[in-house]
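**Student:** Please find the sequence and the predicted model below.
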There are 2 protein chains.
Amino acid sequence: MIVEVVSIGDEILKGSIVNTNSAFISHELLKAGIKVTRQTALSDEPSLLREGLQECFERSDLIITTGGLGPTLDDITREVVADLFGCDFYFNEEVAKDLKRRYGDHLISLENQATVPKGALILKNQVGTAPGLIFTSEYKTMILLPGVPREMEAMVINEVLPYLKKKAFKQVVYHAHTSYFSILPESAIDPVLRQIRSDFPNLEIGIYPSHGVVAVSFLSNEKESLQHAVDKLESSFKLYLFPSKSGRIEEAVHEWMIQNKKTLAFAESCTGGALSSAITAIPGASDYFLGSLVTYSNSLKETVLSVPPAILEQYGAVSGETVHAMWEGLIKMTGADFGIAVSGIAGPSGGTKEKPVGTVWAAIGPKDRPPEIGSFVAFGNRKMVISSTANKLFGSFYRKLSHGIPCFPFLIP
Amino acid sequence: MIVEVVSIGDEILKGSIVNTNSAFISHELLKAGIKVTRQTALSDEPSLLREGLQECFERSDLIITTGGLGPTLDDITREVVADLFGCDFYFNEEVAKDLKRRYGDHLISLENQATVPKGALILKNQVGTAPGLIFTSEYKTMILLPGVPREMEAMVINEVLPYLKKKAFKQVVYHAHTSYFSILPESAIDPVLRQIRSDFPNLEIGIYPSHGVVAVSFLSNEKESLQHAVDKLESSFKLYLFPSKSGRIEEAVHEWMIQNKKTLAFAESCTGGALSSAITAIPGASDYFLGSLVTYSNSLKETVLSVPPAILEQYGAVSGETVHAMWEGLIKMTGADFGIAVSGIAGPSGGTKEKPVGTVWAAIGPKDRPPEIGSFVAFGNRKMVISSTANKLFGSFYRKLSHGIPCFPFLIP
C-alpha cells in the first residue's frame, strides 16, 4: 500500500514556515502500524494543485492532505478533490448547527464551512471551523485535514486514527520502539547497532543524535526480534538510558524530582535561562522547581549569588572556582535540595586559546554536600553550545540521581 | 521552469525528524529569484528512491536533493542519480587531498567519499566529509547536497546560489519583502491586505502569524508595485512595525539596547526563563543584558526579589501588586536601566474563573520612574502561552522604547 502525506500551501514552498504537519502525521501513522511512503508539498495555485493532487491520486492508495480547507479564496483543496471523486456540494445542517453552537449565529464563514461535498465523510473540528473530509472510492482513500497544527492534530488523534483502525488499514502489524540516551556519542552506539543489524536483518534501525541526546528507533513486524534488539541495545548502554515520552532528557529529571519530592534550582550564566526554560516548559514543574538565577553579568554573580569579586578577578567567570561560588550562593539563596550552577563561553566571540568557545564549567549536587565540579567543551555554533550544554548537564545530573554515578568527567564507554 | 526540492531519508517519512532542510533551501532560492514548485520527501529504500527520483527527473527542470551522500550503506543517492545521468565513478584526488588535510590520513570513509561520478561538478563541503554534486544534461539540472543541516546550509550559501546565479537560473526577477509586526492581530491587517491585493493583483501576499508576531511577505516581479505595497502596509501599522532580520521581536529590543547603551534585566515567573533565553540566544547580548531572576516559586519571589509575603498572600502571585513588587526588587537587586517583571498562569492547571489560564500581569519600565503595570490573557496551550507572552512583552516594550507609546493596554487599531 502506498501512503502519501500531502501539505498544501505556498507558505511551505516559500520556506516561510517549516512543515511540522507532515512529521506529526507520519509519526502518528507509524505508531498505528501504517508506514508513510512519501511526503509531498504542493502549491495552492489552482492548476499546480490540481495537477499535483491528480498525480497523488494515481500513485497512492491512502492520501492524507493538510491545508486549504478554510473559507478564503486560497482554500481550494475541497473543490479540487471533490472534482477528482466526482462529488457535488450541499449545505450540511449538522455542521452548521455545531458551528453556531461554538461560534454564535453570526460567523461570517458559516455558509462556506458548512457546505461540504456529497458522499464525503465529515470529521469534526473541535478546535476551529473547517471540518475534515474523507473521500473514498473502490481503491482510493483521501483524507483532507485543516492546515492549522492544533486543529489537524486533534482531528488525527480523535477522528482519523480510529477511522483507519476500524477500516483495518494497517499494512503489517508493525512494532516500534525508541530508546533515548544522553551524553553518549553516536560513534559509541554504532558498533552495537551494526551487530544488531546483522543479528536481525529485517529490523529497521534509525539513529537520531541531537545536541547531546541520541534517539535510537527500531521498527519490525516481529515483536520478538524487536524485543531482543531493544534488550541488547539498552543493556549495552543502560547507564546512559533515560525514560521519556518526548525524548527530552529534562523530562526524566522532572519525573525523578516529583517522585522523590525534592526541590531544584539553577544558577545560569552561559545557558541564559535555557535550563530553566526547558524545565518550566513541562506542566507541573512548579511542584519542585524553585527558580533560576540567570546571572549573565559578573555584577549579578556578585550581588545575587555573592560570588567574591576576587574569584571572578583571579579565575575568570568561566572557571571551577566561579561555578563553585555560584552554586554556594544558589543553595544559600534558594535552599533548594539540588542545585546546578553553570558558566561558559557560548560564542561566537569571547573564546581564547586556553578557554575556546564552547568551554563550560558546572557545579552540581545536593545541598548537604560539596558540589561536583567539572568542565567540558560543547561543539558548534552559539545555539548548539547552549542547547547541548543544557542536555549534557541534565543527562549527567539524571545519571547521578538515578544511578549514583559521578557527574564528572562524562564517562564514555 | 519546474523546481523541486527533494529530501531523502526514512527518518523524515517516519516523522522522527522535522524537515527543516526543505524550508531553508526554498527560502534561499526564493530570495535569489527562484520559486520552488514542489517539495518531496522520499524513502532511502533503493527501489522506492529510484522510482521517486525517476519521477522527479521527468517532472522537474531543476532538482535539489538533500541526504544520502554519506559513506554508510543507507547512502545511495549518488549511485541512483549517477545511474539516471549515465555516469561512472572515479577516485578524485583533489577531494581526497582536501579530506586528508582536514581529517588526517586515517579517515575511514576517505575512499568512499572521494569516489565521485564522472562529469558531475563537485561542491566543496566545508563542514563535513560528503562533497555535494551537480549533474547536468541538456534540459535537466540535479544538485545533490548532504542532509546534515549545517553542511547543507553552508553549501547552499557558498556554492549552490553562486552557481545558479552564474547559470542565470533566475525564472523572473522576483522582488521580495517581509514586514514584521508585533502585538497586532491578523484580523486587523486583513482589510489592508485585501485593499493591497485589489490594487496590485500580480503581487503575491503571505501572512504568517506566530505567537503574537505577524510576518507579512510580498513577492512581485515589479519592483515599483512591491515598494508601493510595502509603503501602504507599513504606513498603516507603523507603530507595530519592528526591524528584524530573523523576524524575532527580541532582536529589535537587542538593537535598541546596544545603540542606546542601556542595560536590561528581567524578573520572570510564568515565562520560566523564556524572556532571558530569547535575549541570550542573540550574539552580543552580554553587552547590555545583566540577567534574569526566574523566581518560579513564591519563596524565591520573597527571598530574591523581596516581594512582601503579605502581598503574595493578599493578591496572589499573579497580580499587579506582585509584579510591581517583583519589578522593584529586580531594579534594586540589579541596578538595570530597564526592567520587565512578569507573572502569570501558563497552565494547563492553576486557572480560576477570575484568573483563567493565560492570565498574565507584567510591570515594565526604566529604573528612574514607577513601572507601567498591566495585564492580558494569552491564548492556547502552555507552550503558546509562554511563547506569546514573551513576544507580546517584547513587542510592547519595543514600542515604548522606539515610539514612547505606553505599554498597557495593548492598543489595537
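**Tutor:** Good, I have the coordinates.
**Student:** So which residues make contact with stretch A:292-309?
**Tutor:** Contacts to stretch A:292-309, defined as Cβ atoms under 8 Å, 6 or more residues apart in numbering or on different chains, come from residues A:265-269, A:272-273, A:275-276, A:312, A:317, A:322, A:325-326, A:328-330, A:332-334, A:341, B:265, B:273, B:276, B:280, B:285-286, B:289-294, B:296, B:304, B:333-335. C-beta coordinates here come from the backbone N, C-alpha and C atoms, glycine included.
**Student:** mean confidence score for that stretch?
**Tutor:** For stretch A:292-309, the mean pLDDT works out to 98.
**Student:** ok now it, how far from the chain's centre?
**Tutor:** Taking Cα atoms, centre = their mean, to the nearest Å, one finds the center of stretch A:292-309 at 33 Å from the center of the full chain.
**Student:** for it, how far is the first residue from the last?
**Tutor:** 21 Å (Cα to Cα, to the nearest Å).
**Student:** Check stretch A:344-354 too.
**Tutor:** End-to-end distance for stretch A:344-354, by Cα to Cα: 13 Å.
**Student:** what's the answer for stretch A:191-208, then?
**Tutor:** Distance across stretch A:191-208, first residue to last, is 15 Å (Cα to Cα).
**Student:** Do it and chain B come into contact?
**Tutor:** Yes. Contact between stretch A:191-208 and chain B, assessed by Cβ under 8 Å from any Cβ of the partner chain, occurs at A:204, A:206, A:208.
**Student:** buried subset of the residues you listed?
**Tutor:** Among the residues of stretch A:191-208 next to chain B, those classed as buried by 16 or more other Cβ atoms under 10 Å in any protein chain shown are A:204, A:206, A:208.
**Student:** Quick check on the first one: phi, psi?
**Tutor:** Note on A:Glu204: its backbone torsions stand at phi -90, psi 130 [degrees, to the nearest 10].
**Student:** Do I have it right that it meets B:Ser16?
**Tutor:** No. Here A:Glu204 lies out of contact with B:Ser16, judged by Cβ atoms under 8 Å, at a distance of 11.1 Å.
**Student:** what bits of chain A have low per-residue confidence?
**Tutor:** Residues of chain A meeting the criterion pLDDT under 70: A:170-173, A:410-413.
**Student:** again, only using 80
**Tutor:** Within chain A, the ranges that satisfy pLDDT under 80 run A:72-74, A:168-174, A:410-413.
**Student:** mind checking the longest helix of it?
**Tutor:** Taking DSSP state H as the criterion, chain A has its longest helix at helix A:382-403.
**Student:** If you count contacts, what does it end up packed against?
**Tutor:** Secondary-structure packing of helix A:382-403 (3 or more Cβ pairs under 8 Å, 6 or more residues apart in numbering or on different chains; DSSP states H and E): strand A:175-182, strand A:241-242, helix A:249-260, helix A:274-280, strand A:338-344, strand A:359-366.
**Student:** one more time with 7 Å, if that's ok
**Tutor:** When contacts are defined as 3 or more Cβ pairs under 7 Å, 6 or more residues apart in numbering or on different chains; DSSP states H and E, helix A:382-403 sits against strand A:175-182, helix A:249-260, helix A:274-280, strand A:338-344, strand A:359-366.
**Student:** May I see the buried residues of the helix or strand following the first one?
**Tutor:** For strand A:175-182, the following helix or strand on the C-terminal side (DSSP states H and E) is helix A:186-199. By neighbour count on 16+ other Cβ under 10 Å, the buried set for helix A:186-199 is A:189, A:192-193, A:196.
**Student:** and which of those is nearest chain B?
**Tutor:** Of all those, A:Leu193 has the smallest distance to chain B: 10.6 Å, by Cβ to the nearest Cβ.
**Student:** and stretch A:237-247, does that touch chain B?
**Tutor:** No. If you take Cβ under 7 Å from any Cβ of the partner chain as the test, stretch A:237-247 misses chain B, and the best it gets is 9.4 Å.
**Student:** How about the residues of the stretch 1-150 of chain A by chain B?
**Tutor:** So the stretch 1-150 of chain A meets chain B at A:10-20, A:22-24, A:26-27, A:30, A:36-43, A:48, A:52 (Cβ under 7 Å from any Cβ).
**Student:** Those in helices, which ones?
**Tutor:** Per DSSP H, these map to helices at A:10-13, A:20, A:22-24, A:26-27, A:30, A:48, A:52.
**Student:** out of those residues, which are buried?
**Tutor:** A:10-13, A:20, A:22-24, A:26-27, A:30, A:48, A:52.
**Student:** gap between A:Ile122 and B:Ser276?
**Tutor:** As judged by Cβ to Cβ, to the nearest Å, A:Ile122 and B:Ser276 stand 46 Å apart.
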